[in-house]
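Participant: What follows is a predicted structure for the sequence shown.
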Amino acid sequence: MNALRRVPPRARWASALGAILVLALALRLWGIKSGLPYVYDTDEDQHFVPHAIALLAHDGNPNYFDNPPAYTYLLAIVYEIYFGGRAALSHAFAVNPTEVWVIARVLTAVLGVLAVWLLYLIAERLFERRVALLSAALMAVAFLPVFYAKLALNDVPTLVPVELALWAAAGILRDGRRRHYALGGLALGVAAATKYTGGIAILPLAAAIVLRDRGDRRALLRNTMLAGGLAVLAFVVCDPYSLLAFASFKAGLAHQGAESAAASGKLGLTHGSGVLYYLWTATWGVGWLPAIAALIAIPWLYFRERRLLAFFLPALVVYLLFMGLQGRYFGRWLMPVVPLICILAAYTAIAAADALASRLPRLPARPSGRRVLGNRVGVPAALLAGALLCAQGLAYSIHSGIVNSRADTRTTARAWLVAHVPIGSGVVIEPVVPEEWGLDVGHPLATANGYRWRGFPVLRTNELDGRLAFDEGASVTIEKYEKLLKPALIAFYEAHGFCYVLTGSQQSGRAFVDPAAVPQAIAYYRALNREGKLVAEFSPFASDSNSVEFNFDWAFDYYPLAYVRPGPMVKIFRLSGGRCANVRS
């Protein structure tokens, strides 16, 4: 203890922050190879990494604007440096795709740790070191930013420019230097160019500018134009084809907006209100106590530091209303405001610890040294508040690391098929796996297309003039798959020699949480259970009694403690009618 007291205070704070950052990195890297070489998250599989690889082959036009391209460009730069060119990258992706995906995921994880450090700087500038340290600790362990730092998606990378904008806005509030206006604008543009919803950082930035310059109209206009102009410039630099290919950019924005607003196309949504869904997401994505503490901070700030309320409240309210009124909602879409939730929760916890310490004089205390929280704080009270605030996130993030370190149920199911189903056999695989799942990665087979099995076209209507017809009809998206199912398909499979059927609860679960919407799909699954023989089953749960009802977050991020491995409930059925009657089991 005496040796600890001899350590300079600044070194103690730096050591504590360093420990938090190490913990944050460890949690984000734990299980980062989950599923590889197959990528089971549809968005991860289809969006940023494939587009980054394609960028190295042409003029830099992403030819895709449903998501902004800043993260894609960053990946392309990293790949160019690491592999030295498109040829080497393409070879690696064909022979050892795990390496390519791990690089992208590690980049996301590192950016996630950077976001933890930036959050410390923001909270320190707005409040004080204790609030800053607790904010960083909460972000380090909160489930939502930890889990999505393991995937090559743009949600976590967006936190970095969002938080840079928040840090600059905090600087404007506290001392109003010109560089803070400039940095705030630049960071805002990069945030929107990384993920469109990152543009929510405009509200804290605008609040800071107005609060700082409201007494000087010229300064207000000048600094608003500075920040706004640099935001537009940064967006265009990070997304140059928003101008060079404006028609495509506009079409991508329109498509993204239509997809987000289309409630009817998303079978399986389990909440009627998007606003309530995001409030619920905060209770597990960050934690129940942090969510409650963040709410308590709002009236507390109203009486103690009203200027800061304008910094936090508009962004939270506008974001929840805008995103909650969309037709679709997913927990990870809450990410841009998670930093605000963490800071508010930490503020409440430290303020409560101060208040407790002032009423318990026997607790050791020392002055806080900053004006926002001027009460005397008891070290045990502050540590207890921090532990309580972080406990849920830490427990579930550790659980996530354990789960993601184990074999995915789909990987195990594939191994069973390899062992039991001959090459060239007809199989029906529900769209719970990527297309590459049928390939032996790095070891192409001598089949016509390199695929191990002959796959039924599950994303075709397979209809012609009102009757079932193999590989005919229109193609559909995964969202429409359940609407294609009908009991008559089982005999159709058998007639065409597709004797094994693999189902996954990430698809079937959508039907069973809303059976009235797809009665034919329910009848199909019941007929399959009745007419097919269940030959293999792979559960992500410790036992059947621990199964989790389908939800578009928990079915994919494995949050509930019932999960012991990643993946859906996978079942493999053997059919025995028609051309399948004489096929060996």
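Facilitator: Now that the structure is in, tell me what you want to look at.
Participant: where in the chain is pLDDT low?
Facilitator: For the chain, applying pLDDT under 70 flags the ranges 1-8, 252, 255-265, 268, 270-271, 358-379, 544-546, 583-585.
Participant: who touches stretch 100-110?
Facilitator: 25, 28-29, 32-33, 36-37, 39, 48-49, 52-53, 74-75, 78-79, 82, 89, 92-93, 148-153, 156-157 (Cβ atoms under 8 Å, 6 or more residues apart in numbering). C-beta here means a position set from N, CA and C on the backbone, and glycine is covered the same way.
Participant: Would you write a ChimeraX line that selects the buried entries of these?
Facilitator: Selection of buried members from those for ChimeraX, criterion 16 or more other Cβ atoms under 10 Å:
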select :25,28,29,32,36,37,39,48,49,52,53,74,75,79,89,92,93,148,149,150,151,152,153,156,157
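Participant: Give me the subset of the contacts of stretch 100-110 that lies in helices.
Facilitator: Of the contacts of stretch 100-110, the ones assigned to helices by DSSP state H are 25, 28-29, 48-49, 52-53, 74-75, 78-79, 82, 89, 92-93, 156-157.
Participant: Counting residues, name the longest helix you see in this structure.
Facilitator: Per DSSP H, the chain has its longest helix at helix 97-126.
Participant: Name the residues of that one that are buried.
Facilitator: 97-98, 100-126.
Participant: next helix or strand past it?
Facilitator: helix 129-141 (DSSP states H and E).
Participant: What helices and strands are in contact with that following helix?
Facilitator: helix 9-29, helix 97-126, helix 338-359, helix 379-404 (3 or more Cβ pairs under 8 Å, 6 or more residues apart in numbering; DSSP states H and E).
Participant: Buried residues in the last one, which are they?
Facilitator: By neighbour count on 16+ other Cβ under 10 Å, the buried set for helix 379-404 is 381-382, 385-386, 389-390, 392-394, 396-397, 399-401, 403-404.
Participant: For that helix, what is the distance to the chain centroid?
Facilitator: Remark: helix 379-404 is offset 20 Å from the chain centroid, using Cα atoms, centre = their mean, to the nearest Å.
Participant: what's that helix packed up against?
Facilitator: Helix 379-404 packs on helix 9-29, helix 129-141, helix 143-147, helix 288-304, helix 338-359, going by 3+ Cβ pairs under 8 Å, 6+ apart.
Participant: One more: the third one?
Facilitator: With contacts defined as 3+ Cβ pairs under 8 Å, 6+ apart, the secondary structure elements packing on helix 338-359 are helix 97-126, helix 129-141, helix 155-174, helix 288-304, helix 306-324, strand 377-378, helix 379-404.
Participant: would you list those in JSON lines and tack on distance to Val236?
Facilitator: Shown next, in JSON lines, are these (distance: least, Cβ to Cβ, whole Å):
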{"stretch": "helix 97-126", "distance to Val236": "22"}
{"stretch": "helix 129-141", "distance to Val236": "30"}
{"stretch": "helix 155-174", "distance to Val236": "15"}
{"stretch": "helix 288-304", "distance to Val236": "35"}
{"stretch": "helix 306-324", "distance to Val236": "24"}
{"stretch": "strand 377-378", "distance to Val236": "47"}
{"stretch": "helix 379-404", "distance to Val236": "37"}
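Participant: nearest to Val427, of the ones you listed?
Facilitator: Each of the helices and strands packed on helix 338-359 has some distance to Val427 by Cβ to Cβ; the shortest is helix 97-126, at 22.0 Å.
Participant: Quick one: distance of the closest one to the chain centre.
Facilitator: Using Cα atoms, centre = their mean, the distance from the centre of helix 97-126 to the centre of the chain it belongs to is 13 Å.
Participant: Leu188: which of the buried residues of helix 379-404 is nearest?
Facilitator: Gly393 (27.8 Å).
Participant: And that closest one, how close does it get to Ala54?
Facilitator: Distance of Gly393 to Ala54, given as Cβ to Cβ, to the nearest Å: 36 Å.
Participant: and what of Leu151?
Facilitator: 19 Å.
Participant: Pop out the phi and psi values for Gly473.
Facilitator: Main-chain torsions, Gly473, degrees, to the nearest 10: phi 90, psi -180.
Participant: Now the nearest residue to it once chain neighbours are set aside: phi and psi?
Facilitator: Using Cβ to Cβ, 6 or more residues apart in numbering and skipping residues adjacent in sequence, the residue nearest Gly473 is Thr461, 3.3 Å away. Backbone geometry at Thr461, expressed as degrees, to the nearest 10, gives phi -70, psi -20.
Participant: that older thread, what would the helices and strands packed on helix 379-404 look like in TSV with distance to Ala182?
Facilitator: Shown next, in TSV, are these (distance: least, Cβ to Cβ, whole Å):
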stretch	distance to Ala182
helix 9-29	26
helix 129-141	24
helix 143-147	27
helix 288-304	27
helix 338-359	21
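Participant: Identify whichever of those helices lies nearest to Asp216.
Facilitator: Nearest to Asp216, of the helices and strands packed on helix 379-404 and by Cβ to Cβ, is helix 288-304 at 25.2 Å.
Participant: Next up, the contacts around Arg565.
Facilitator: 403, 406-409, 540.
Participant: could you redo the last one with a cut-off of 10 Å?
Facilitator: The contact partners of Arg565, by Cβ atoms under 10 Å, 6 or more residues apart in numbering, come to 34, 402-409, 411-412, 538-542, 558.
Participant: Please apply the same query to Leu121.
Facilitator: 17, 132, 135-136, 163-164, 166-167, 170-171.
Participant: mind running it again at 8 Å?
Facilitator: With Cβ under 8 Å, 6+ apart, Leu121 has these contacts: 132, 167.
Participant: on that earlier part again, so which of the helices and strands packed on helix 338-359 gets nearest Ala234?
Facilitator: helix 155-174 (8.6 Å).
Participant: you'd agree the residue nearest to Gly473 is up against Asp471?
Facilitator: No: taking Cβ atoms under 8 Å as the definition, Thr461 is not a contact partner of Asp471, at 10.3 Å.
Participant: Of the helices and strands packed on helix 338-359, which is nearest Val232?
Facilitator: helix 155-174 (14.0 Å).
Participant: Go through the helices and strands packed on helix 338-359 and name the closest to Tyr500.
Facilitator: helix 97-126 (25.4 Å).
Participant: count of residues packed around Glu436?
Facilitator: As a burial measure, Glu436 scores 14 neighbours (other Cβ atoms under 10 Å).
Participant: I'd assumed Leu36 was in contact with it.
Facilitator: No: with contacts counted by Cβ under 8 Å, Glu436 stays clear of Leu36, the gap being 11.1 Å.
Participant: in the chain, what residue sits furthest out from the centroid?
Facilitator: Outermost residue of the chain with respect to the C-alpha centroid, by Cα atoms, centre = their mean, is Asn582; its distance is 46.3 Å.
Participant: Distance check, that one against Ser576.
Facilitator: Per Cβ to Cβ, Asn582 is found 9 Å from Ser576.
Participant: Ala52 too?
Facilitator: 46 Å.
Participant: what do you get for Asp465?
Facilitator: 30 Å.
Participant: hang on, the earlier thing: what is the orientation angle of the longest helix of the chain with helix 338-359?
Facilitator: 50 degrees (axes from the mean of the first three to the mean of the last three Cα atoms, to 10 degrees).
Participant: how big is the angle separating helix 97-126 from helix 129-141?
Facilitator: Relative orientation of helix 97-126 versus helix 129-141 (the same axes, to 10 degrees): 160 degrees.
Participant: and the residue lying closest to Glu531 once chain neighbours are set aside, what is it in contact with?
Facilitator: Of all residues not flanking Glu531 in the chain, Ile490 sits nearest, at 5.7 Å (Cβ to Cβ, 6+ apart). By Cβ under 8 Å, 6+ apart, Ile490 lies in contact with 501, 524, 527-528, 531-532, 575, 577.
Participant: in what helix or strand does Ile490 lie?
Facilitator: helix 488-495.
Participant: Ala52 contacts Asn67, doesn't it?
Facilitator: No: with contact defined as Cβ under 8 Å, Ala52 does not reach Asn67; the gap is 11.9 Å.
Participant: Could I get the phi/psi values of Ala191?
Facilitator: Dihedral angles (degrees, to the nearest 10) for Ala191: phi -60, psi -50.
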